[in-house]
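Trainee: how would this look folded up:
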Amino acid sequence: MSYDVIAIGSGHNGLVAAAYLAASGRRVLVLERQPWFGGGVVTRELTLPGFRHDQHSMAHIFIHGNPLLLQDELGLKARYGLRYLFPDSPMSSIFEDGETLSMYRDRARTCAEIARYSPKDAAAFERLSAKAAAWLPMIAASLYTAPMPLGASTALMDQSREGRELWRTMQMSTHDLLCQYFEHDRIRTHFARIAGENLASPDEKGTGIGIFVFLGFLQHYGFGVPIGGSGALTDALIRCIEDHGGSVQSGVDVVRVTTRNGRATGVQTRDGRQLEARDGIIAAIHPHHLGNMVDELDVQVAADAAATEISPNACITVHAALAEALRTRAGARLGSVMVELLPLQYETLRRSFDDLRYGRLAGYPLVGLGSLTEFDPSRAPAGRAIVHAWDYVPFERADGRGWDEAKAAYAERMIAHMARFLPNMTPQNILGLHCDSPLDMERTSPSFRRGDLHGIAMAPYQSGAHRPTPALGQFTVPGVERLYLVGPFQHPGGGVFGAGRATAQKMCEELKIDFERARC
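Mentor: All right, here's what the predicted structure looks like:
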């Protein structure tokens with residue numbers, strides 16, 4: 001029962017790190033407490049047989065700038081069957097009067113869309129888009145390796161005009177940025193909704209840079225739709241690990257990381273087994289649980305980790321099996337990967353986030369959705385469709401109701417709201433329904449604490465080398481050698497980044513493994 005490397009959890013970040021170590025020749029074991037694999041990157045038949053739903057992540061965006069896929073370092077595409085589609089329109093908005101605004105990978109097409117509302121804003125978008133493209137290589141270079149120390153990165157930015165502009169943008173709110181660029185209410189509303197994907201209000205300081213990151217990736221890489229579902233990435237990673245002699249096991253709950261003389265030596269499972277790891281442990285352990293799971297952990301390190309802040313805005317999702325594809329009020333099918341349903345007034349969106357701040361349900365639902373059978377019909381029986389919709393809610397409701405009791409009523413509220421924009425989102429068209437409340441999110445994965453899909457809030461003070469804390473920001477644990485961290489609560493944050501590559505690099509460095517050997 002001895003291995004070189006043991007990975008706790010089968011989320012995609014842990015699988016990525018484990019796959020690199022397996023490719024380097026290490027004997028790897030991955031342990032997953034659930035009966036299925038993938039964490040937030042999983043495709044399951046949640047409603048009816050034959051309808052395959054992405055329970056959490058839907059579109060894969062940021063991973064396409066990662067050398068993992070960009071250079072196919074592990075052969076996930078060439079050898080293990082991973083395939084993507086990249087639709088022309090990654091994202092669009094539908095306003096409550098039926099008008100639409102679509103974004104395209106082609107900048108000129110997006111400018112033409114914006115010009116229908118404001119020629120001045122179309123010109124502003126041209127400038128914004130050009131800057132996003134110019135900044136993309138610098139931003140992307142920082143996402144897939146260990147982050148630079150905060151002091152060093154700030155000093156580096158302060159040495160040039162462009163760097164100082166980038167630093168200033170990183171401190172701004174999305175609202176600040178949008179008022180600087182755009183004048184039309186609908187254009188501001190359309191772009192403000194992007195901040196919501198980080199579970200943040202557009203008025204939150206430190207969210208402005210997200211517009212440039214999102215736009216840069218949208219235009220350069222597009223939004224990847226994995227053929228067969230989001231879990232196709234998980235499946236390819238598992239095939240890679242097993243092909244290199246590793247093992248991936250479900251239904252095994254790890255309760256403790258064992259240590260000896262300040263070094264991680266193995267794990268203890270809930271059923272009492274002790275498994276040894278000669279070289280190291282890859283651990284997807286939420287910061288709030290770190291002190292309870294790791295022997296010999298420094299008291300202050302544990303306390304700081306437990307004090308990390310969760311976003312007050314949690315996620316709730318609805319998955320539906322449909323008799324037919326959804327259509328807009330104009331009769332058109334959905335042509336974008338992500339679709340946002342928006343109010344006419346920008347202030348309405350901002351006030352909905354204000355409601356969440358005080359534990360209230362949003363006065364105007366902030367529903368986003370995707371119906372990926374429009375691009376990948378293999379996810380449903382012939383002629384049928386699926387939809388994945390999400391909204392933001394407080395984990396603890398001001399009315400005191402628990403989510404197990406209240407989630408069915410909220411799912412009905414979401415469906416009724418969607419029907420205002422998509423007339424055939426009706427009971428007659430819905431063949432099956434599944435709802436995950438914030439509490440269900442936490443039950444599905446301990447990484448999604450209190451329904452925060454990013455693990456902890458994406459606040460500036462919990463970003464970069466300070467994510468989740470300054471002591472844990474390099475994927476290692478002070479005082480416990482050979483314990484390496486992965487998860488959405490590490491740099492660069494939640495989403496499908498393939499960030500386990502940075503953890504693998506750190507492990508290879510400390511184990512004296514040439515990282516080039518850890519590639520297929």
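
Trainee: list the helices and strands whichever strand or helix holds V318 packs on?
Mentor: In the assignment (DSSP states H and E), V318 maps to strand 313-322. Helices and strands touching strand 313-322, by 3 or more CB pairs under 8 Å, 6 or more residues apart in numbering; DSSP states H and E, are strand 385-394, helix 403-421, strand 430-436, helix 438-444. Glycine gets a C-beta too; all of them are placed from N, C-alpha and C.

Trainee: sheet partners, orientation included, of the helix or strand just after it?
Mentor: Once the chain leaves strand 313-322, the next helix or strand it forms, by DSSP H and E, is strand 338-342. Each strand paired with strand 338-342, and its direction, by DSSP bridges: strand 91-95 (parallel), strand 368-370 (antiparallel).

Trainee: dump these to JSON lines, plus mean neighbour count and distance to L218.
Mentor: Supplementary listing: those in JSON lines, determined by neighbours: other CB atoms under 10 Å; distance: least, CB to CB, whole Å:
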{"stretch": "strand 91-95", "mean neighbour count": "22", "distance to L218": "7"}
{"stretch": "strand 368-370", "mean neighbour count": "23", "distance to L218": "14"}
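
Trainee: among those strands, which comes closest to A17?
Mentor: Distance to A17, taken as CB to CB, is lowest for strand 368-370 among the strands paired with strand 338-342, at 27.9 Å.

Trainee: can you tell me what sits against the closest one?
Mentor: 58-59, 193, 196-197, 337-341, 387-391, 418 (CB atoms under 8 Å, 6 or more residues apart in numbering).

Trainee: wait, N313 touches Y392, no?
Mentor: Yes: the criterion here is CB atoms under 8 Å, and N313 meets it with Y392 at 4.7 Å.

Trainee: intersection of neighbour lists for the two?
Mentor: Going by CB under 8 Å, 6+ apart, residues that sit against N313 and also against Y392 are 196, 199, 353, 356.

Trainee: quick one: buried ones out of those residues?
Mentor: Neighbour counting over the shared contacts of N313 and Y392 (16 or more other CB atoms under 10 Å) leaves 196, 199, 353, 356 as the buried ones.

Trainee: verify the contact between the first one and P365 for me.
Mentor: It stands for G196. No: look at G196 against P365 with CB under 8 Å: they stay out of range, at 11.5 Å.

Trainee: who touches stretch 236-248?
Mentor: Contacts to stretch 236-248, defined as CB under 8 Å, 6+ apart, come from residues 10, 12, 15-16, 18-19, 22-23, 25, 27-30, 32, 37, 74-77, 79-82, 520.

Trainee: still on that earlier bit, now, among the contacts of strand 368-370, which is nearest to F95?
Mentor: Of all these, F95 sits closest to L341, with 8.3 Å by CB to CB.

Trainee: okay, and for the stretch 151-300 of the chain, where does confidence drop off?
Mentor: Nowhere does the stretch 151-300 of the chain drop to pLDDT under 70.

Trainee: let me fix that, I meant to ask about the chain.
Mentor: In the chain, residues with pLDDT under 70: 1, 520.

Trainee: over to the residue lying farthest from the centre of it: give its phi and psi.
Mentor: Using CA atoms, centre = their mean, the residue of the chain lying farthest from its centre is N261. It sits 36.2 Å away. Backbone torsions of N261, given as degrees, to the nearest 10, read phi 50, psi 40.

Trainee: contacting residues for Q462?
Mentor: 308-309, 456, 468-469.

Trainee: mind redoing it with 6 Å?
Mentor: I456 (CB atoms under 6 Å, 6 or more residues apart in numbering).

Trainee: separation between it and F223?
Mentor: Noted for Q462: a distance of 26 Å to F223, by CB to CB, to the nearest Å.

Trainee: now do I281
Mentor: Distance from I281 to F223, by CB to CB: 34 Å.

Trainee: so for these two, which sits in the more crowded spot?
Mentor: For I281 versus F223, the count of surrounding residues by other CB atoms under 10 Å is larger for I281: 29 against 25.

Trainee: need the strands for the stretch 51-200 of the chain, in chain order.
Mentor: Listed in chain order, the strands of the stretch 51-200 of the chain (DSSP state E, counting those that start in this stretch) span 53-54, 84-85, 91-95, 100-103.

Trainee: any idea how far the strand holding V318 is from the chain center?
Mentor: Averaging C-alpha positions (CA atoms, centre = their mean, to the nearest Å) puts strand 313-322 15 Å from its chain's average.

Trainee: repeat that for stretch 152-171.
Mentor: 26 Å.

Trainee: flag every buried residue along that stretch.
Mentor: Those would be 153, 157, 163, 166, 169-170, for stretch 152-171 by 16+ other CB under 10 Å.

Trainee: from these, pick the one nearest D253.
Mentor: The closest of those, once distances to D253 are taken by CB to CB, is S153, at 38.1 Å.

Trainee: can you tell me the closest non-neighbouring residue to the closest one?
Mentor: If the residues on either side of it in the chain are set aside, S153 comes closest to G464, at 6.9 Å by CB to CB, 6 or more residues apart in numbering.

Trainee: tally of neighbours for that neighbour?
Mentor: 20.

Trainee: again with R450
Mentor: Residues near R450, counting by other CB under 10 Å, number 17.

Trainee: quick revisit: among the buried ones among the shared contacts of N313 and Y392, which one sits closest to Q249?
Mentor: L199 (31.9 Å).

Trainee: quick one: contacts for the closest one?
Mentor: L199 is in contact with 311, 313, counting by CB under 6 Å, 6+ apart.

Trainee: against P488, how distant is it?
Mentor: 11 Å.

Trainee: cool, and A411?
Mentor: 24 Å.

Trainee: and K131, by the same measure?
Mentor: With CB to CB as the criterion, K131 and P488 are 28 Å apart.

Trainee: looking at these two, which one has more neighbours?
Mentor: P488 (28 against 19).

Trainee: element containing that one, please.
Mentor: Secondary structure assigned from DSSP H and E places P488 in neither a helix nor a strand.

Trainee: next one: I238
Mentor: Per DSSP H and E: I238 is located in helix 231-243.

Trainee: only the buried residues of that helix, if you could.
Mentor: By neighbour count on 16+ other CB under 10 Å, the buried set for helix 231-243 is 231-243.

Trainee: what's the burial count for the nearest residue to D106 once chain neighbours are set aside?
Mentor: Distances taken as CB to CB, 6+ apart place D88 nearest to D106, at 7.4 Å, with adjacent residues excluded. The local packing of D88 (other CB under 10 Å) involves 14 other residues.

Trainee: and D88, backbone torsions?
Mentor: Backbone torsions for D88, taken as degrees, to the nearest 10, come to phi -60, psi -40.

Trainee: V252 contacts L31, doesn't it?
Mentor: Yes: look at V252 against L31 with CB atoms under 6 Å: they come within range, at 4.3 Å.

Trainee: between those two, who's got more neighbours?
Mentor: Applying other CB under 10 Å to V252 and L31 shows that L31 carries more neighbours, namely 22 against 18.

Trainee: ok, now which ones touch the more buried one?
Mentor: By CB under 6 Å, 6+ apart, the contact set of L31 is 8, 249, 252, 254.

Trainee: from R357, how far out is it?
Mentor: Counting by CB to CB - L31 and R357 are separated by 38 Å.

Trainee: repeat that for N198.
Mentor: If you go by CB to CB, the gap between N198 and R357 works out to 15 Å.

Trainee: same deal with F37?
Mentor: From F37 to R357 the distance is 36 Å (CB to CB).

Trainee: which of those two has more neighbours?
Mentor: F37 (22 against 13).

Trainee: number of residues surrounding the residue nearest to that one when sequence neighbours are not counted?
Mentor: Distances taken as CB to CB, 6+ apart place S10 nearest to F37, at 4.2 Å, with adjacent residues excluded. When neighbours are counted by other CB under 10 Å, S10 registers 29.
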